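**Q** here you go, sequence then predicted model.
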Amino acid sequence: MSLLRHIASRGFLPLHSLRSISTIRVMCDKSAVSSSEKKVDDPMRILQDGRNHRPDNMEKRFLVWAGKYKSLEEVPPTVPQETMEKARNKIRIKIANYMMLATIVGCIGFVYSGKQAAKRGESVQKMNMDWHKQINETSSK
């Protein structure tokens, strides 16, 4: 606590926060947890702790697509949270890679299409001039 007082006296930490730090230490004391809360035998308690996850149908497909399980039938009713997070991360990376590939293919396709239109003599400037000519003709009638 003397280090915190020293930091507070130098102006890096407000003095009133010293009281809140000691309160936080009391609130985060692990010995205050009752023995009934420490039991982990109940499967629902494991789910509430966040160590296991009950995947839905889409998440089961993610687990299979990420390569953790061979088929949907092999996916257990509860999966460790770390496994689910790793599968989600793999799916995010795969989707990002496919989106990059689709973007590159789309860009190449549009470049090719633009070059073909240029060979035919089509351009945005020519289309704009034709549109203005058509508007001027209809307004003069």
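**A** Right, received. Where do you want to start?
**Q** ok, Cys59 - contacts?
**A** No, residue 59 isn't Cys; it's Glu. The neighbours of Glu59, taking Cβ atoms under 8 Å, 6 or more residues apart in numbering as the test, are His53, Met84, Ala87. Backbone N, C-alpha and C define where each C-beta goes, glycine included.
**Q** quick check: the gap between it and Val75.
**A** Using Cβ to Cβ, to the nearest Å, one gets 9 Å for the distance from Glu59 to Val75.
**Q** can I have the buried ones of the contacts of Glu59 as a ChimeraX selection?
**A** Buried subset of those, written as a ChimeraX selection, criterion 16 or more other Cβ atoms under 10 Å:
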select :53,84,87
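**Q** using pLDDT, spot the least trustworthy of the contacts of Glu59.
**A** Lowest pLDDT within the contacts of Glu59 is found at His53 (85).
**Q** next, the contact list for the nearest residue to it once chain neighbours are set aside, please.
**A** Closest residue to His53 apart from its sequence neighbours, by Cβ to Cβ, 6 or more residues apart in numbering: Met84 at 4.6 Å. Applying Cβ under 8 Å, 6+ apart to Met84 gives the contacts His53, Pro55, Glu59, Leu63.
**Q** sec struct for Met84, please.
**A** The three-state assignment at Met84 reads helix, by DSSP: H, G, I helix; E, B strand; the rest coil.
**Q** ok, now how distant is it from Gly67?
**A** Remark: distance between Met84 and Gly67 (Cβ to Cβ) = 14 Å.
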